[in-house]
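> got a predicted structure plus its sequence, pasted below:
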Amino acid sequence: MKKTILIALTAATFALTGLNGATFAKAAPNEAAIAGFGGYDGLMKINLDLVARVKANPLIGSLFKDTDATRLATLLSDQFCELLGGGCTYTGNDMKAAHQGMGIKTHHFNALAEDLQRAMDAAGVSQSEQFRLIGKLAPMKRDINDQ
Amino acid sequence: MANLSKVFKYALAPIAAGLALTSAAWSQGYSGKLLATGGVSTVEGAGGGGLAPWALITGYGTENQIGGAAFATIVNLDDYRLRSVGAAVGFYDRVEISFAQQAFDTRDVGTALGLGRGYTFKQNIFGAKVKIAGDAIYDQDRLLPQISVGVQHKQNDNGNVLAALGIPHDKGTDYYITASKLFIDQRLLANVGVRFTKANQIGILGFGGPNGDKLKPQFEGSLAFLVRRDLALGVEARTKRDFIGLDESTAWDAFVAWFPTKNASLTVAYVDLGRIVIPGRQRGVYASLQLSF
Ligand code: HEM
(Lines give C-alpha, C1' and ligand atoms only; values in the text may rest on other atoms or scores of the structure.)
Protein backbone atom coordinates (compact mmCIF):
# COMPACT_ATOMS: atom_id res chain seq x y z
CA MET A 1 0.00 0.00 0.00
CA LYS A 2 2.68 2.45 1.14
CA LYS A 3 4.78 1.46 -1.81
CA THR A 4 1.94 2.11 -4.25
CA ILE A 5 1.40 5.56 -2.82
CA LEU A 6 5.08 6.26 -3.04
CA ILE A 7 5.18 5.15 -6.66
CA ALA A 8 2.06 7.15 -7.40
CA LEU A 9 3.47 10.25 -5.73
CA THR A 10 6.69 9.88 -7.62
CA ALA A 11 4.75 9.49 -10.84
CA ALA A 12 2.66 12.53 -9.99
CA THR A 13 5.80 14.55 -9.37
CA PHE A 14 7.20 13.46 -12.71
CA ALA A 15 3.94 14.36 -14.35
CA LEU A 16 3.88 17.79 -12.76
CA THR A 17 7.46 18.49 -13.64
CA GLY A 18 6.90 17.22 -17.15
CA LEU A 19 9.63 14.62 -16.90
CA ASN A 20 7.26 11.79 -17.65
CA GLY A 21 4.51 12.87 -19.97
CA ALA A 22 2.92 9.43 -20.22
CA THR A 23 1.98 9.04 -16.56
CA PHE A 24 -0.37 11.36 -14.80
CA ALA A 25 -1.08 9.09 -11.88
CA LYS A 26 -1.82 10.34 -8.43
CA ALA A 27 -3.15 8.54 -5.38
CA ALA A 28 -6.71 8.94 -4.13
CA PRO A 29 -7.14 9.86 -0.44
CA ASN A 30 -8.93 6.54 0.01
CA GLU A 31 -7.39 4.13 -2.47
CA ALA A 32 -9.08 1.14 -0.79
CA ALA A 33 -12.51 2.26 -2.05
CA ILE A 34 -11.29 2.07 -5.64
CA ALA A 35 -8.96 -0.91 -5.26
CA GLY A 36 -11.33 -2.95 -7.47
CA PHE A 37 -10.47 -0.57 -10.31
CA GLY A 38 -6.75 -0.71 -9.72
CA GLY A 39 -6.74 2.45 -7.62
CA TYR A 40 -6.59 5.93 -9.12
CA ASP A 41 -3.97 4.78 -11.57
CA GLY A 42 -6.30 2.01 -12.72
CA LEU A 43 -9.21 4.44 -13.13
CA MET A 44 -7.00 6.65 -15.24
CA LYS A 45 -6.06 3.75 -17.52
CA ILE A 46 -9.72 2.71 -17.83
CA ASN A 47 -10.79 6.24 -18.70
CA LEU A 48 -8.04 6.77 -21.27
CA ASP A 49 -9.23 3.53 -22.85
CA LEU A 50 -12.84 4.76 -22.57
CA VAL A 51 -12.06 8.03 -24.34
CA ALA A 52 -10.24 6.15 -27.11
CA ARG A 53 -13.30 3.90 -27.49
CA VAL A 54 -15.84 6.72 -27.59
CA LYS A 55 -13.72 8.60 -30.13
CA ALA A 56 -13.89 5.46 -32.32
CA ASN A 57 -17.60 4.82 -31.66
CA PRO A 58 -19.56 5.50 -34.88
CA LEU A 59 -22.62 6.64 -32.96
CA ILE A 60 -21.02 9.22 -30.66
CA GLY A 61 -17.41 9.58 -31.81
CA SER A 62 -17.89 12.84 -33.72
CA LEU A 63 -18.73 14.68 -30.47
CA PHE A 64 -15.30 13.81 -29.10
CA LYS A 65 -13.18 14.48 -32.18
CA ASP A 66 -11.41 17.52 -30.69
CA THR A 67 -11.42 16.20 -27.13
CA ASP A 68 -8.16 16.30 -25.19
CA ALA A 69 -8.12 12.66 -24.06
CA THR A 70 -5.91 13.16 -21.01
CA ARG A 71 -7.93 16.10 -19.71
CA LEU A 72 -11.26 14.29 -20.06
CA ALA A 73 -9.87 11.04 -18.62
CA THR A 74 -8.54 12.95 -15.62
CA LEU A 75 -11.88 14.65 -15.00
CA LEU A 76 -13.70 11.31 -15.34
CA SER A 77 -11.24 9.60 -12.99
CA ASP A 78 -11.70 12.33 -10.36
CA GLN A 79 -15.46 12.05 -10.76
CA PHE A 80 -15.60 8.23 -10.59
CA CYS A 81 -13.18 8.24 -7.65
CA GLU A 82 -15.43 10.69 -5.80
CA LEU A 83 -18.58 8.69 -6.59
CA LEU A 84 -16.99 5.44 -5.45
CA GLY A 85 -15.91 6.87 -2.10
CA GLY A 86 -12.27 7.29 -3.02
CA GLY A 87 -12.27 10.80 -1.57
CA CYS A 88 -11.21 12.67 -4.70
CA THR A 89 -12.80 15.98 -5.62
CA TYR A 90 -14.28 16.47 -9.05
CA THR A 91 -13.54 19.98 -10.26
CA GLY A 92 -15.11 20.01 -13.73
CA ASN A 93 -18.42 21.41 -14.88
CA ASP A 94 -21.63 19.96 -13.54
CA MET A 95 -23.20 17.32 -15.76
CA LYS A 96 -26.02 19.49 -17.00
CA ALA A 97 -23.74 22.32 -18.10
CA ALA A 98 -21.11 19.95 -19.54
CA HIS A 99 -23.57 18.23 -21.86
CA GLN A 100 -26.11 20.88 -22.71
CA GLY A 101 -27.07 21.23 -26.35
CA MET A 102 -25.36 18.03 -27.50
CA GLY A 103 -28.69 16.36 -28.23
CA ILE A 104 -27.80 13.32 -26.12
CA LYS A 105 -30.51 10.64 -26.01
CA THR A 106 -30.66 7.40 -24.06
CA HIS A 107 -29.09 5.36 -26.88
CA HIS A 108 -26.10 7.74 -26.90
CA PHE A 109 -25.83 7.52 -23.13
CA ASN A 110 -25.91 3.72 -23.29
CA ALA A 111 -23.36 3.65 -26.11
CA LEU A 112 -20.94 5.41 -23.77
CA ALA A 113 -21.91 3.14 -20.87
CA GLU A 114 -21.21 0.10 -23.06
CA ASP A 115 -17.80 1.48 -24.01
CA LEU A 116 -17.12 1.95 -20.30
CA GLN A 117 -18.16 -1.67 -19.65
CA ARG A 118 -15.77 -2.81 -22.39
CA ALA A 119 -12.96 -0.71 -20.94
CA MET A 120 -13.63 -2.18 -17.48
CA ASP A 121 -13.72 -5.71 -18.94
CA ALA A 122 -10.37 -5.07 -20.61
CA ALA A 123 -8.96 -3.88 -17.27
CA GLY A 124 -10.24 -7.01 -15.51
CA VAL A 125 -12.66 -5.16 -13.20
CA SER A 126 -15.01 -7.63 -11.47
CA GLN A 127 -18.71 -7.70 -12.28
CA SER A 128 -19.72 -6.52 -8.81
CA GLU A 129 -17.41 -3.47 -9.00
CA GLN A 130 -18.64 -2.73 -12.52
CA PHE A 131 -22.25 -2.80 -11.37
CA ARG A 132 -21.31 -0.56 -8.40
CA LEU A 133 -20.00 2.14 -10.73
CA ILE A 134 -22.74 1.78 -13.34
CA GLY A 135 -25.33 2.10 -10.57
CA LYS A 136 -23.80 5.45 -9.56
CA LEU A 137 -23.71 6.76 -13.14
CA ALA A 138 -27.22 5.69 -14.19
CA PRO A 139 -29.13 8.56 -12.50
CA MET A 140 -26.85 11.11 -14.21
CA LYS A 141 -28.73 10.39 -17.42
CA ARG A 142 -31.39 12.84 -16.25
CA ASP A 143 -28.91 15.72 -16.40
CA ILE A 144 -26.89 14.51 -19.39
CA ASN A 145 -29.76 13.77 -21.77
CA ASP A 146 -31.33 16.55 -23.75
CA GLN A 147 -34.92 16.86 -22.66
CA MET B 1 -35.05 -36.73 -34.28
CA ALA B 2 -38.58 -36.24 -35.56
CA ASN B 3 -39.13 -34.13 -32.50
CA LEU B 4 -36.13 -32.00 -33.27
CA SER B 5 -37.22 -31.24 -36.81
CA LYS B 6 -40.63 -30.31 -35.42
CA VAL B 7 -38.97 -27.88 -33.07
CA PHE B 8 -37.02 -26.51 -36.00
CA LYS B 9 -40.06 -26.02 -38.16
CA TYR B 10 -41.78 -24.46 -35.23
CA ALA B 11 -38.95 -22.04 -34.55
CA LEU B 12 -38.77 -20.92 -38.17
CA ALA B 13 -41.65 -18.47 -38.16
CA PRO B 14 -40.34 -16.42 -35.23
CA ILE B 15 -36.83 -16.58 -36.65
CA ALA B 16 -38.08 -15.14 -39.92
CA ALA B 17 -40.05 -12.50 -38.03
CA GLY B 18 -36.98 -11.77 -35.91
CA LEU B 19 -34.78 -11.29 -38.96
CA ALA B 20 -37.31 -8.95 -40.51
CA LEU B 21 -37.44 -6.99 -37.25
CA THR B 22 -33.65 -6.95 -36.98
CA SER B 23 -33.22 -5.54 -40.45
CA ALA B 24 -35.77 -2.89 -39.54
CA ALA B 25 -33.55 -2.12 -36.54
CA TRP B 26 -30.48 -1.75 -38.74
CA SER B 27 -32.22 0.76 -40.89
CA GLN B 28 -32.86 2.95 -37.83
CA GLY B 29 -29.31 2.46 -36.63
CA TYR B 30 -29.10 1.19 -33.12
CA SER B 31 -30.71 -0.95 -30.42
CA GLY B 32 -30.25 1.62 -27.74
CA LYS B 33 -31.11 -0.13 -24.48
CA LEU B 34 -28.52 -1.86 -22.35
CA LEU B 35 -28.16 -5.61 -22.74
CA ALA B 36 -30.89 -7.72 -21.11
CA THR B 37 -32.97 -4.69 -20.10
CA GLY B 38 -35.58 -5.58 -22.71
CA GLY B 39 -36.27 -8.78 -20.80
CA VAL B 40 -37.50 -11.94 -22.45
CA SER B 41 -40.97 -12.91 -23.70
CA THR B 42 -43.62 -14.36 -21.41
CA VAL B 43 -45.70 -17.31 -22.62
CA GLU B 44 -48.46 -14.75 -23.16
CA GLY B 45 -46.27 -12.60 -25.43
CA ALA B 46 -45.66 -9.59 -23.21
CA GLY B 47 -42.12 -8.59 -22.30
CA GLY B 48 -41.00 -9.82 -18.90
CA GLY B 49 -39.83 -13.07 -17.46
CA GLY B 50 -41.34 -16.34 -18.61
CA LEU B 51 -44.57 -16.28 -16.60
CA ALA B 52 -44.89 -12.74 -15.30
CA PRO B 53 -44.74 -9.54 -17.36
CA TRP B 54 -42.39 -6.77 -16.28
CA ALA B 55 -43.05 -3.05 -16.35
CA LEU B 56 -40.18 -2.76 -18.86
CA ILE B 57 -41.13 -2.38 -22.51
CA THR B 58 -39.98 -5.28 -24.67
CA GLY B 59 -37.13 -5.02 -27.15
CA TYR B 60 -34.18 -2.65 -27.26
CA GLY B 61 -35.80 0.57 -28.41
CA THR B 62 -35.19 3.73 -26.40
CA GLU B 63 -37.35 6.89 -26.26
CA ASN B 64 -36.81 7.70 -29.94
CA GLN B 65 -36.59 4.12 -31.25
CA ILE B 66 -38.78 1.14 -31.98
CA GLY B 67 -37.77 -2.23 -30.57
CA GLY B 68 -39.20 -5.67 -30.85
CA ALA B 69 -38.98 -9.33 -30.07
CA ALA B 70 -40.15 -12.60 -31.56
CA PHE B 71 -40.13 -15.81 -29.59
CA ALA B 72 -40.81 -19.54 -29.56
CA THR B 73 -41.38 -21.29 -26.25
CA ILE B 74 -41.92 -24.90 -25.34
CA VAL B 75 -43.02 -26.09 -21.92
CA ASN B 76 -42.77 -29.84 -21.58
CA LEU B 77 -44.82 -30.94 -18.57
CA ASP B 78 -45.39 -34.38 -17.04
CA ASP B 79 -48.66 -34.87 -18.94
CA TYR B 80 -48.97 -31.92 -21.31
CA ARG B 81 -46.98 -29.79 -23.68
CA LEU B 82 -47.50 -26.08 -24.13
CA ARG B 83 -46.07 -24.30 -27.13
CA SER B 84 -46.24 -20.59 -27.62
CA VAL B 85 -44.99 -18.42 -30.46
CA GLY B 86 -45.40 -14.73 -30.90
CA ALA B 87 -43.96 -11.30 -31.31
CA ALA B 88 -44.08 -7.93 -29.65
CA VAL B 89 -43.16 -4.41 -30.66
CA GLY B 90 -42.11 -1.70 -28.28
CA PHE B 91 -42.74 1.88 -29.34
CA TYR B 92 -40.46 4.59 -27.95
CA ASP B 93 -39.91 2.67 -24.71
CA ARG B 94 -43.45 3.62 -23.79
CA VAL B 95 -46.00 1.30 -25.41
CA GLU B 96 -45.80 -2.39 -26.13
CA ILE B 97 -48.09 -4.34 -28.47
CA SER B 98 -47.89 -8.13 -28.42
CA PHE B 99 -49.35 -11.23 -29.95
CA ALA B 100 -48.96 -14.86 -28.93
CA GLN B 101 -50.45 -18.08 -30.17
CA GLN B 102 -50.53 -20.93 -27.72
CA ALA B 103 -51.13 -24.62 -28.33
CA PHE B 104 -51.72 -26.80 -25.31
CA ASP B 105 -51.36 -30.47 -26.22
CA THR B 106 -53.25 -32.76 -23.83
CA ARG B 107 -51.43 -35.89 -25.08
CA ASP B 108 -52.78 -38.98 -23.24
CA VAL B 109 -54.99 -36.92 -20.95
CA GLY B 110 -57.01 -36.05 -24.07
CA THR B 111 -57.88 -39.73 -24.42
CA ALA B 112 -58.85 -40.02 -20.76
CA LEU B 113 -61.13 -36.97 -21.05
CA GLY B 114 -62.77 -38.36 -24.19
CA LEU B 115 -61.35 -35.55 -26.35
CA GLY B 116 -59.04 -37.82 -28.25
CA ARG B 117 -55.33 -38.35 -27.83
CA GLY B 118 -53.33 -35.19 -28.32
CA TYR B 119 -56.37 -32.93 -28.31
CA THR B 120 -54.89 -29.46 -28.44
CA PHE B 121 -56.39 -26.31 -27.01
CA LYS B 122 -55.39 -23.24 -28.96
CA GLN B 123 -55.46 -19.68 -27.79
CA ASN B 124 -54.59 -16.31 -29.31
CA ILE B 125 -53.52 -13.49 -27.03
CA PHE B 126 -53.49 -9.83 -28.05
CA GLY B 127 -51.67 -7.68 -25.55
CA ALA B 128 -50.87 -4.06 -24.90
CA LYS B 129 -48.81 -2.47 -22.15
CA VAL B 130 -48.10 1.16 -21.35
CA LYS B 131 -45.44 2.58 -19.08
CA ILE B 132 -47.06 5.10 -16.77
CA ALA B 133 -44.35 6.10 -14.29
CA GLY B 134 -40.76 5.76 -13.20
CA ASP B 135 -37.70 4.25 -14.78
CA ALA B 136 -36.53 0.83 -13.58
CA ILE B 137 -32.96 1.31 -14.76
CA TYR B 138 -31.96 4.96 -14.41
CA ASP B 139 -33.82 6.08 -11.29
CA GLN B 140 -31.21 4.47 -9.04
CA ASP B 141 -31.42 7.45 -6.68
CA ARG B 142 -35.19 7.15 -6.27
CA LEU B 143 -37.37 4.51 -4.70
CA LEU B 144 -40.16 4.78 -7.26
CA PRO B 145 -40.14 1.71 -9.51
CA GLN B 146 -41.14 1.69 -13.16
CA ILE B 147 -44.87 1.09 -13.33
CA SER B 148 -46.85 -0.16 -16.31
CA VAL B 149 -50.41 -1.19 -16.93
CA GLY B 150 -51.47 -3.77 -19.45
CA VAL B 151 -54.30 -5.73 -20.95
CA GLN B 152 -54.37 -9.13 -22.58
CA HIS B 153 -57.32 -10.16 -24.66
CA LYS B 154 -57.48 -13.92 -25.03
CA GLN B 155 -59.44 -15.92 -27.58
CA ASN B 156 -59.70 -19.61 -27.12
CA ASP B 157 -61.15 -21.70 -29.97
CA ASN B 158 -62.60 -24.48 -27.80
CA GLY B 159 -65.99 -23.09 -26.76
CA ASN B 160 -67.85 -26.38 -27.18
CA VAL B 161 -65.43 -28.45 -25.15
CA LEU B 162 -65.30 -25.77 -22.48
CA ALA B 163 -69.10 -25.52 -22.27
CA ALA B 164 -69.24 -29.26 -21.63
CA LEU B 165 -66.94 -28.69 -18.65
CA GLY B 166 -69.22 -25.97 -17.30
CA ILE B 167 -66.92 -23.15 -18.36
CA PRO B 168 -69.00 -20.21 -19.60
CA HIS B 169 -66.53 -18.26 -21.78
CA ASP B 170 -63.95 -18.99 -24.42
CA LYS B 171 -62.85 -15.36 -24.53
CA GLY B 172 -61.62 -13.14 -21.78
CA THR B 173 -59.55 -10.11 -20.96
CA ASP B 174 -56.94 -9.79 -18.22
CA TYR B 175 -55.92 -6.41 -16.83
CA TYR B 176 -52.68 -5.96 -14.96
CA ILE B 177 -50.46 -3.46 -13.24
CA THR B 178 -46.83 -4.24 -12.73
CA ALA B 179 -43.87 -2.56 -11.06
CA SER B 180 -40.22 -3.32 -11.83
CA LYS B 181 -37.03 -2.04 -10.32
CA LEU B 182 -33.43 -2.87 -11.06
CA PHE B 183 -31.15 -2.44 -8.06
CA ILE B 184 -27.93 -2.14 -10.06
CA ASP B 185 -25.60 -2.13 -7.06
CA GLN B 186 -27.18 -5.34 -5.72
CA ARG B 187 -27.55 -6.73 -9.27
CA LEU B 188 -31.18 -7.59 -8.53
CA LEU B 189 -34.26 -7.03 -10.65
CA ALA B 190 -37.47 -7.18 -8.63
CA ASN B 191 -40.90 -7.26 -10.11
CA VAL B 192 -44.39 -7.41 -8.61
CA GLY B 193 -47.73 -7.28 -10.33
CA VAL B 194 -51.43 -7.74 -9.83
CA ARG B 195 -53.56 -9.24 -12.57
CA PHE B 196 -57.34 -9.03 -12.64
CA THR B 197 -58.48 -12.15 -14.40
CA LYS B 198 -60.99 -14.95 -14.56
CA ALA B 199 -58.87 -17.14 -16.78
CA ASN B 200 -58.52 -20.85 -16.09
CA GLN B 201 -54.93 -21.99 -16.67
CA ILE B 202 -54.12 -18.58 -18.16
CA GLY B 203 -57.12 -18.95 -20.51
CA ILE B 204 -56.31 -22.28 -22.10
CA LEU B 205 -59.31 -23.71 -20.22
CA GLY B 206 -61.46 -20.68 -20.84
CA PHE B 207 -62.75 -18.07 -18.45
CA GLY B 208 -64.88 -18.36 -15.33
CA GLY B 209 -66.59 -21.49 -14.06
CA PRO B 210 -68.87 -22.97 -11.40
CA ASN B 211 -66.81 -21.24 -8.67
CA GLY B 212 -67.14 -17.74 -10.08
CA ASP B 213 -67.39 -15.55 -13.13
CA LYS B 214 -65.83 -12.29 -11.94
CA LEU B 215 -62.35 -10.87 -12.42
CA LYS B 216 -60.23 -11.62 -9.36
CA PRO B 217 -56.86 -10.15 -8.41
CA GLN B 218 -53.93 -12.51 -8.71
CA PHE B 219 -50.34 -11.89 -7.61
CA GLU B 220 -47.35 -12.30 -9.89
CA GLY B 221 -43.75 -11.60 -9.09
CA SER B 222 -40.18 -12.34 -9.98
CA LEU B 223 -36.69 -11.78 -8.71
CA ALA B 224 -33.61 -12.08 -10.89
CA PHE B 225 -29.92 -11.85 -10.07
CA LEU B 226 -27.49 -10.66 -12.71
CA VAL B 227 -24.55 -13.04 -12.57
CA ARG B 228 -23.04 -11.02 -15.39
CA ARG B 229 -24.63 -8.40 -17.59
CA ASP B 230 -25.51 -11.16 -20.09
CA LEU B 231 -26.68 -13.79 -17.62
CA ALA B 232 -29.58 -13.77 -15.17
CA LEU B 233 -30.75 -16.34 -12.65
CA GLY B 234 -34.16 -15.99 -11.11
CA VAL B 235 -37.43 -17.24 -9.74
CA GLU B 236 -41.00 -16.34 -10.59
CA ALA B 237 -44.38 -17.09 -9.08
CA ARG B 238 -47.90 -16.48 -10.24
CA THR B 239 -51.07 -17.27 -8.31
CA LYS B 240 -54.05 -18.72 -10.16
CA ARG B 241 -57.61 -19.04 -8.97
CA ASP B 242 -59.73 -22.14 -9.04
CA PHE B 243 -62.86 -21.08 -10.94
CA ILE B 244 -63.61 -24.58 -12.26
CA GLY B 245 -63.20 -26.55 -9.05
CA LEU B 246 -60.18 -28.57 -10.13
CA ASP B 247 -57.71 -27.29 -7.53
CA GLU B 248 -55.92 -24.92 -9.89
CA SER B 249 -53.02 -23.47 -7.93
CA THR B 250 -49.91 -21.28 -7.97
CA ALA B 251 -47.35 -21.67 -10.75
CA TRP B 252 -43.66 -20.96 -10.23
CA ASP B 253 -40.36 -21.44 -11.97
CA ALA B 254 -36.63 -21.06 -11.55
CA PHE B 255 -34.84 -19.80 -14.66
CA VAL B 256 -31.55 -19.02 -16.32
CA ALA B 257 -31.63 -16.43 -19.09
CA TRP B 258 -28.65 -15.82 -21.33
CA PHE B 259 -28.29 -12.78 -23.58
CA PRO B 260 -25.30 -13.41 -25.87
CA THR B 261 -26.25 -10.33 -27.94
CA LYS B 262 -29.09 -7.83 -28.11
CA ASN B 263 -30.51 -9.88 -30.98
CA ALA B 264 -30.97 -13.20 -29.24
CA SER B 265 -31.64 -14.68 -25.84
CA LEU B 266 -32.22 -18.14 -24.52
CA THR B 267 -34.16 -18.94 -21.37
CA VAL B 268 -34.34 -22.33 -19.73
CA ALA B 269 -36.40 -22.97 -16.61
CA TYR B 270 -37.70 -25.59 -14.30
CA VAL B 271 -41.43 -24.96 -14.01
CA ASP B 272 -44.14 -26.18 -11.71
CA LEU B 273 -47.53 -25.06 -13.03
CA GLY B 274 -49.49 -26.67 -10.21
CA ARG B 275 -52.42 -28.97 -10.78
CA ILE B 276 -53.95 -28.96 -14.28
CA VAL B 277 -57.23 -30.94 -14.38
CA ILE B 278 -55.79 -34.33 -13.42
CA PRO B 279 -54.35 -34.93 -9.92
CA GLY B 280 -50.72 -34.08 -9.24
CA ARG B 281 -48.65 -31.00 -9.99
CA GLN B 282 -47.45 -30.50 -13.55
CA ARG B 283 -43.71 -29.99 -13.56
CA GLY B 284 -41.26 -29.82 -16.38
CA VAL B 285 -38.83 -27.89 -18.47
CA TYR B 286 -39.41 -24.54 -20.11
CA ALA B 287 -37.24 -23.46 -23.01
CA SER B 288 -37.59 -20.22 -24.91
CA LEU B 289 -35.68 -18.66 -27.77
CA GLN B 290 -36.12 -14.96 -28.35
CA LEU B 291 -34.89 -12.81 -31.21
CA SER B 292 -34.94 -9.10 -30.59
CA PHE B 293 -33.70 -5.66 -31.55
C1 HEM C 1 -22.46 8.61 -17.19
C2 HEM C 1 -22.23 9.24 -18.27
C3 HEM C 1 -21.31 10.42 -18.43
C4 HEM C 1 -20.45 11.00 -17.56
C5 HEM C 1 -20.17 10.59 -16.14
C6 HEM C 1 -19.82 12.10 -18.25
C7 HEM C 1 -18.86 12.93 -17.69
C8 HEM C 1 -18.28 13.97 -18.33
C9 HEM C 1 -17.30 14.85 -17.76
C10 HEM C 1 -16.80 14.76 -16.34
C11 HEM C 1 -16.97 15.76 -18.67
C12 HEM C 1 -15.99 16.91 -18.52
C13 HEM C 1 -16.71 18.15 -18.13
C14 HEM C 1 -15.83 19.36 -18.15
O15 HEM C 1 -15.18 19.59 -19.19
O16 HEM C 1 -15.78 20.07 -17.15
C17 HEM C 1 -17.69 15.45 -19.87
C18 HEM C 1 -17.56 16.14 -21.05
C19 HEM C 1 -18.13 15.71 -22.23
N20 HEM C 1 -19.06 14.71 -22.38
FE21 HEM C 1 -19.71 13.50 -20.94
N22 HEM C 1 -20.32 12.19 -19.51
C23 HEM C 1 -21.22 11.17 -19.66
C24 HEM C 1 -21.95 10.90 -20.78
C25 HEM C 1 -21.74 11.48 -21.99
C26 HEM C 1 -22.38 11.10 -23.22
C27 HEM C 1 -23.42 9.97 -23.32
C28 HEM C 1 -21.88 11.87 -24.20
C29 HEM C 1 -22.21 11.88 -25.65
C30 HEM C 1 -22.62 10.87 -26.31
C31 HEM C 1 -20.94 12.78 -23.60
C32 HEM C 1 -20.23 13.73 -24.29
C33 HEM C 1 -19.35 14.60 -23.71
C34 HEM C 1 -18.56 15.56 -24.47
C35 HEM C 1 -18.59 15.73 -25.99
C36 HEM C 1 -17.81 16.25 -23.54
C37 HEM C 1 -16.80 17.36 -23.84
C38 HEM C 1 -15.46 16.70 -24.02
C39 HEM C 1 -14.37 17.70 -24.36
O40 HEM C 1 -13.81 18.29 -23.44
O41 HEM C 1 -14.13 17.85 -25.56
N42 HEM C 1 -20.88 12.51 -22.27
N43 HEM C 1 -18.49 14.37 -19.63
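That came in fine, so what should we check first? Computed from a predicted model, the values in this text were never measured in an experiment. Residues are numbered from 1 along each chain as shown, chains lettered A, B, ... in the order given.
> for the rest of this, base every contact and every neighbour count on C-alpha atoms.
Fine.
> phi, psi for residue 142 please.
Defaulting to chain A. With angles defined as degrees, to the nearest 10, A:R142 sits at phi -60, psi -40.
> look at chain B instead
phi -130, psi 150.
> host element of B:T267?
For B:T267, the element it lies in under DSSP states H and E is strand B:264-276.
> cool, and A:L43?
In this assignment (DSSP H and E), A:L43 forms part of helix A:39-56.
> which parts of that helix are buried?
Residues of helix A:39-56 classed as buried by neighbour count (16 or more other C-alpha atoms under 10 Å in any protein chain shown): A:39-55.
> what does stretch B:255-263 give?
Of the residues in stretch B:255-263, B:255-259, B:262-263 count as buried by neighbour count, 16+ other C-alpha under 10 Å.
> looking at the residues you listed, which are in strands?
If you go by DSSP state E, the buried residues of stretch B:255-263 have B:255-259 in strands.
> how is B:T111 assigned, secondary-structure-wise?
helix (DSSP: H, G, I helix; E, B strand; the rest coil).
> per-residue pLDDT, it?
Per-residue confidence (pLDDT) for B:T111: 95.
> okay, now the closest residue in space to it that isn't next to it in sequence: neighbour count?
Once flanking residues are discounted, B:T111 sits nearest to B:R117: 4.5 Å by C-alpha to C-alpha, 6 or more residues apart in numbering or on different chains. Look at B:R117: counted by other C-alpha atoms under 10 Å in any protein chain shown, it has 15 neighbours.
> equivalent analysis for B:L205, please.
B:L205 has 26 neighbours, counted by other C-alpha under 10 Å.
> do you know how far the spatially closest residue to it that is not a sequence neighbour is from B:D108?
Nearest non-adjacent residue to B:L205, counting by C-alpha to C-alpha, 6+ apart: B:L162, 6.7 Å away. According to C-alpha to C-alpha, to the nearest Å, B:L162 stands 18 Å off from B:D108.
> those two: who's more crowded?
The neighbour count for B:L162 versus B:D108, taken as other C-alpha under 10 Å, is higher for B:L162 (19 against 15).
> quick check: that one touching B:D170?
Yes - between B:L162 and B:D170 there is a contact under C-alpha atoms under 8 Å: 7.2 Å.
> what do these two both touch?
Contact criterion C-alpha atoms under 8 Å, 6 or more residues apart in numbering or on different chains; residues shared by B:L162 and B:D170: B:205-206.
> about what we covered before: which is the succeeding secondary structure element to the strand holding B:T267?
strand B:278-292.
> if we can go back for a sec, mind putting the ones in strands among the buried residues of stretch B:255-263 in a markdown table, distance to A:A69 and pLDDT included?
As requested, those are exported to a markdown table (distance: C-alpha to C-alpha, whole Å; pLDDT from 0 to 100):
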| residue | distance to A:A69 | pLDDT |
| --- | --- | --- |
| B:F255 | 43 | 98 |
| B:V256 | 40 | 98 |
| B:A257 | 38 | 98 |
| B:W258 | 35 | 98 |
| B:F259 | 32 | 97 |
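> about what we covered before: who's in contact with the helix or strand following the helix holding A:L43?
Scanning forward in sequence from helix A:39-56 by DSSP H and E, the next helix or strand is helix A:69-83. With contact meaning C-alpha under 8 Å, 6+ apart, helix A:69-83 is reached by A:28, A:34, A:40, A:43-44, A:47-48, A:50-52, A:87-92, A:133, A:136.
> repeat the analysis, applying 6 Å as the threshold.
With contacts defined as C-alpha atoms under 6 Å, 6 or more residues apart in numbering or on different chains, helix A:69-83 is touched by A:43-44, A:47-48, A:88-90.
> list just the nearest of those residues to chain B.
Chain B lies nearest to A:L43 out of the contacts of helix A:69-83, by C-alpha to the nearest C-alpha, at 18.7 Å.
> low-confidence regions, chain A specifically.
By pLDDT under 70, the low-scoring segments of chain A are A:1-25.
> what separates the residue in it that chain B sits nearest to from A:D146, distance-wise?
Chain B sits closest to A:H107 of chain A, with a gap of 4.0 Å, by C-alpha to the nearest C-alpha. Plainly put, A:H107 is 12 Å away from A:D146 if you go by C-alpha to C-alpha.
> how about B:G159, nearest residue that isn't a chain neighbour?
Nearest non-adjacent residue to B:G159, counting by C-alpha to C-alpha, 6+ apart: B:D170, 5.1 Å away.
> give the next helix or strand downstream of the helix or strand harbouring the residue nearest to B:L205.
Secondary structure from DSSP H and E places B:L162 in helix B:159-164. Using DSSP H and E, the helix or strand that follows helix B:159-164 towards the C-terminus is strand B:171-183.
> that older thread, which one among the ones in strands among the buried residues of stretch B:255-263 gets closest to chain A?
B:F259 (14.7 Å).
> up against chain A, what does the stretch 51-200 of chain B have?
Within the stretch 51-200 of chain B, the residues that sit near chain A (C-alpha under 6 Å from any C-alpha of the partner chain) are B:138-140, B:184-185.
> please enumerate the strands of the stretch 101-250 of chain B.
All strands of the stretch 101-250 of chain B, identified by DSSP state E, counting those that start in this stretch, fall at B:120-133, B:146-156, B:171-183, B:188-197, B:216-228, B:231-238.
> quick one: closest of those to B:Y92.
Smallest distance to B:Y92 across the strands of the stretch 101-250 of chain B (C-alpha to C-alpha): 10.4 Å, for strand B:120-133.
> in that closest one, what's buried?
Using 16+ other C-alpha under 10 Å as the test for burial, strand B:120-133 gives B:120-131.
> what's the closest of these to chain A?
Comparing the buried residues of strand B:120-133 against chain A with C-alpha to the nearest C-alpha picks out B:K131 as the nearest, at 16.3 Å.
> right, and the closest one touches B:R94 too?
Yes - taking C-alpha atoms under 6 Å as the contact criterion, B:K131 and B:R94 are neighbours in contact, 5.2 Å apart.
> contacts only, for A:P29.
Counting by C-alpha under 6 Å, 6+ apart, A:P29 has contacts A:G87.
> ok, it to B:F99 distance?
Distance, A:P29 to B:F99, using C-alpha to C-alpha: 56 Å.
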